[in-house]
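S.K.: quick one, what's the 3D model for this:
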Amino acid sequence: MGRLFGTDGARGIAVKELTCELAMQIGRASALVLTKTMNHKPVILIGKDTRISSDILESALCAGICSVGADAVILGVVPTPAVAYLVKEKKADAGVMISASHNSVEYNGIKLFSSTGYKLSDDTEAEIERLILDNPEEITLKSHTEVGHIRHCENAVESYINHVKSSVSGDFGGMKVLIDCANGSSSATAKQIFGGIGADCIYINCNPDGTNINDKCGSTYISGLQKAVKENGADIGLAFDGDADRCLAVDENGELVDGDKLIAICSKSYKEQGRLKNNSAVVTVMTNIGFSRFAKENDINIITASVGDRYVLEKMLEGGYNIGGEQSGHIIFLDEATTGDGQLSGVKVLEVLKNSGKKMSEIAGIMTSYPQVMVNVKVTPDVKANWKSYDDVREIISKHEQVLGDDGRILVRESGTEPLVRVMLEGKDTEQITAMANEIADKIREHI
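M.R.: Numbering: from 1, shown residues only. Predicted coordinates for the structure are as follows:
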């Protein structure tokens, strides 16, 4: 993990931690690093989510980008995957998304994309960090007529919407779908996408006001959608996060269908159609043990990556796989997208559901999840960096691993986006693994 960039870009409390000055420097350094081999005036696209702080950071980024001679093209409120798609579609030199994804409104973040539409490698991010933190004197500012322009790109998102709609086929009429937009980026696109494929949709949390993004709604607060699905007799519910790169689902009974199950559903469908490349799905170390059983029963190979959709993507590119993702709902369909795309995942799941002729609960039943407990421990930077070195923490983890044996597992890791150490346990007995998770968490807290 880098000094500024975590697993999903730079992130922090907007203005106080992710300051305007830092945003300007990221704009300058990223423009120089990402366009250093080009012999034309660089063009960088900028998208944002609906947070009140996104406008402020957008202005700072534009100032930074233009101050080193690149042009900034403002897309407005768009999903993160729209920026990734449009960078390549518009033949831009780089893309920036201003968003803290699923985090609450006080946070914001900056995600960078290369001209190919992919997130940056660790090495490229390290080079940008070096310029900002170690050698800012290497950043040469332009003047006179060499400074960049700021332009607005009207209706650019329409080509992204059409791209998502074109990824599925068939008649979706008669499907009743509840869609939770998290008062975020999908508020600008969901009605055109899902209404555009003919589904009968009810939209909730689709009125952003700058302060209500992810506020008791979206993929991180699924209970509202669960209730709405049952009250409206919907066939399925779909929930996105603030920047719409995640998707979780709810079946007709209001039961959660998480990212693991959505990957299982789609990879099985792809296999049946002969479309599952190398007969494999890429998942992460956080993926439920139940996915392994599903994969074995359906003769699908599992490729395991570190947590973070960037690492899932790396494995997919290395092995030529076309489906991968995370339990959190980051799912990558590499035939159509270069990053996780919640709305693309949503239409893909609707296509499987429509073609199956079954209820969502039936198709989700192809995978049985083990009970899983997660305890997030808020930590100081020194504990986050050093928890693995504490003997007492290692000892209690080892003790519980011996008790669980082959019927469970323990995964403790630091968050890539927040000041947290995450303690995750799986096993057959929820009460047992909950007690174990709390014991490990308490032991880590002793060091704060």
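S.K.: and stretch 291-306, end to end?
M.R.: Between the start and the finish of stretch 291-306 there is a gap of 16 Å, counting by C-alpha to C-alpha, to the nearest Å.
S.K.: show me which residues of that stretch are buried.
M.R.: Burial within stretch 291-306, assessed by neighbour count using 16 or more other C-beta atoms under 10 Å, is assigned to 291, 294-295, 298, 300, 303, 305. To be clear about C-beta, it is placed using only N, CA and C from the backbone, and glycine gets the same treatment.
S.K.: next: stretch 105-124.
M.R.: Along stretch 105-124, these residues count as buried under the neighbour rule (16+ other C-beta under 10 Å): 105-115, 117-120, 124.
S.K.: same question, stretch 41-56
M.R.: With burial defined by 16+ other C-beta under 10 Å, the residues of stretch 41-56 counted as buried are 42-54, 56.
S.K.: same question for stretch 344-364.
M.R.: When neighbours are counted by 16+ other C-beta under 10 Å, the buried residues of stretch 344-364 are found to be 344-354, 360, 363-364.
S.K.: give me the helix or strand of this structure that scores worst on average pLDDT.
M.R.: Within the chain, confidence by mean pLDDT, DSSP states H and E is lowest for strand 5-6 among all helices and strands, at a mean of 83.
S.K.: could you name the helices and strands sitting against that one?
M.R.: Using 3 or more C-beta pairs under 8 Å, 6 or more residues apart in numbering; DSSP states H and E as the contact criterion, the neighbours of strand 5-6 among helices and strands are helix 122-129.
S.K.: helices or strands up against the helix it packs on?
M.R.: Helix 122-129 sits against strand 5-6, helix 20-34, strand 107-114, with contacts defined as 3+ C-beta pairs under 8 Å, 6+ apart.
S.K.: hang on, Ser369 packs against Asp260?
M.R.: Yes. Between Ser369 and Asp260 a contact is recorded at 6.8 Å, counting by C-beta atoms under 8 Å.
S.K.: for these two, list the residues in contact with both.
M.R.: Residues touching both Ser369 and Asp260 by C-beta atoms under 8 Å, 6 or more residues apart in numbering: 288, 290.
S.K.: quick one: which of the two has more around it?
M.R.: When Ser369 is set against Asp260 and neighbours are counted by other C-beta atoms under 10 Å, the residue ahead is Asp260, at 25 against 20.
S.K.: can you show me the helices along the stretch 151-300 of the chain?
M.R.: For the stretch 151-300 of the chain, the helices defined by DSSP state H, counting those that start in this stretch cover 157-166, 190-196, 223-232, 259-273, 289-297.
S.K.: can you confirm Ala82 is in a helix?
M.R.: Yes. Under DSSP: H, G, I helix; E, B strand; the rest coil, Ala82 falls within a helix.
S.K.: burial check on Asp406, number of neighbours?
M.R.: Asp406 is surrounded by 6 other residues when neighbours are defined as other C-beta under 10 Å.
S.K.: so how far is Ile289 from it?
M.R.: Distance, Asp406 to Ile289, using C-beta to C-beta, to the nearest Å: 10 Å.
S.K.: next one: Arg11
M.R.: With distances taken as C-beta to C-beta, Arg11 is found 30 Å from Ile289.
S.K.: which one's more surrounded, these two?
M.R.: Between Arg11 and Ile289, counting by other C-beta under 10 Å, Arg11 is the more crowded of the two (24 against 20).
S.K.: quick check: pLDDT value at the closest residue to the more buried one other than its chain neighbours.
M.R.: The shortest distance from Arg11 to any residue other than its chain neighbours is 3.7 Å, reached at Gly109 (C-beta to C-beta, 6 or more residues apart in numbering). pLDDT, the model's per-residue confidence, is 97 for Gly109.
S.K.: what does Met1 give?
M.R.: On pLDDT, Met1 comes in at 56.
S.K.: what does the one 10 residues further on give?
M.R.: At Arg11 the predicted local confidence, pLDDT, stands at 93.
S.K.: using the three-state scheme, assign it.
M.R.: Secondary structure for Arg11, judged by three-state DSSP, is strand.
S.K.: what's near enough to touch it?
M.R.: Under the criterion of C-beta under 8 Å, 6+ apart, the contact list for Arg11 reads 18, 100, 103, 107-110, 417-418.
S.K.: re earlier: would you turn the helices and strands packed on helix 122-129 into a markdown table with distance to Val285?
M.R.: Supplementary listing: the helices and strands packed on helix 122-129 in a markdown table, determined by distance: least, C-beta to C-beta, whole Å:
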| stretch | distance to Val285 |
| --- | --- |
| strand 5-6 | 17 |
| helix 20-34 | 29 |
| strand 107-114 | 22 |
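S.K.: which of the ones you listed sits closest to Leu225?
M.R.: Of all the helices and strands packed on helix 122-129, strand 107-114 sits nearest to Leu225, with 22.2 Å by C-beta to C-beta.
S.K.: how far is the closest one from where the chain is centred?
M.R.: The chain centroid and the centroid of strand 107-114 are separated by 11 Å under C-alpha atoms, centre = their mean, to the nearest Å.
S.K.: tell me how many other residues crowd Glu231.
M.R.: The burial metric for Glu231, expressed as a neighbour count using other C-beta under 10 Å, is 11.
S.K.: what about it, distance to Ile204?
M.R.: Distance from Glu231 to Ile204, counting by C-beta to C-beta: 11 Å.
S.K.: kindly report the same for Gly342.
M.R.: 15 Å.
S.K.: tell me the contacts of the closest residue to Ile98 other than its chain neighbours?
M.R.: Counting by C-beta to C-beta, 6+ apart, Lys48 is the residue found nearest to Ile98 once chain neighbours are left out, at 4.0 Å. Lys48 makes contact with 54-55, 57-58, 75-78, 97-99, according to C-beta under 8 Å, 6+ apart.
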